[in-house]
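>>> quick check, what structure comes out for this input:
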Amino acid sequence: MLRVLAVDDEKPALGELLYLLRSDPRVHSADGATDATEALRRIGRALDAGPDDANGIDVVFLDIHMAGLTGLDVARLLAGFASPPLIVFVTAHEGFAVQAFDLKAVDYVLKPVRRERLAEAVRRVSELVESAREPRQPVSSSATAAASAQAPHGATVPAVQRGAPDQIPVELGGVTRFVAIDDITYVEAQGDYARLHTTDGSHLVRIPLSTLEERWASRGFVRIHRSHLVALGRIDELRLDAGATTVRIGTAELAVSRRHARELRDLLLRHARR
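Residues are numbered from 1 along each chain as shown. Here you go, the predicted model:
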């Protein structure tokens, strides 16, 4: 069963979160902290005591916007420990999801917290903690690949190494799902949001296109227009017609701005020579 620390500087919100956590049969204990300093002090004591101590902490349910250190600051500090507790962010703000999962968060729950949504987060954490407690068994390469594909990003799974962020969280009907970045063919700017296009559909996330451009440059995504970011390897065709440049990705035809056209042609040429 889980030993939980919940952190929120708003006492009513903290009280409601603790009530919901304590009512979950998978939670052994749930304590609260009203600021980051207190939370770090408790976590430090728990780590010093060891993972089997009764006062240990398996997971921290962490608000993001708090006075002083933010929840993201706390997560960055915990990343420096050898065996930190798992982290679930609980926040009213959608815009920090990418940063949260870059910091290996298990889940990202939006306020107001719904019982069933919190139960899903607890389920994910519980499965990870129980897996980590089981004796390690030799696994085949196929089993390792399957575990890597199914585990929530940033989770610790026996015999599976944690890697760089390969997924992006999207909210669908109040449930956080994970879209593999390799499945994204292009991204379309929609104000402060971005629409992720895959071969199976599209997903809207509250992340500016410029942020995704910076984060995904090393994964082969290039800007072709102020409104579009494309996966270089997904381009099926480059067209030049009366001075206008377009690319085709599946059935979508996207305009390439003049300032990006030459760079894109050079990138495609280098890509083709590999």
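>>> helices of the protein, start to end?
11-22, 36-49, 71-78, 97-102, 115-133, 141-150, 209-216, 258-273 (DSSP state H).
>>> out of those helices, which is closest to V59?
Taking C-beta to C-beta, helix 115-133 is the member of the helices of the chain nearest to V59, at 4.8 Å. All C-beta spots, glycine's among them, are computed from the backbone N, C-alpha and C.
>>> mean confidence score for that closest one?
Across helix 115-133, pLDDT averages out at 89.
>>> from V122, how far off is V7?
16 Å (C-beta to C-beta, to the nearest Å).
>>> isn't L17 up against V4?
No. With contacts defined as C-beta atoms under 8 Å, L17 does not count as touching V4, sitting 9.5 Å away.
>>> looking only at neighbour counts, state which of these two leads.
V4 (27 against 24; other C-beta atoms under 10 Å).
>>> identify the residues contacting that one.
For V4, the contacting residues are 21, 27, 29-31, 57-61, by C-beta atoms under 8 Å, 6 or more residues apart in numbering.
>>> rewinding a little: which neighbours do L17 and V4 share?
F61.
>>> rewinding a little: closest to R177 out of the helices of the chain?
Of these, the one closest to R177 (C-beta to C-beta) turns out to be helix 115-133, at 10.7 Å.
>>> which secondary element of this protein has the worst mean pLDDT?
helix 141-150 (a mean of 38; mean pLDDT, DSSP states H and E).
>>> ok, L212 to I235 distance?
Following C-beta to C-beta, the distance that separates L212 from I235 is 17 Å.
>>> equivalent analysis for N55, please.
For N55 relative to I235 (C-beta to C-beta), the value is 55 Å.
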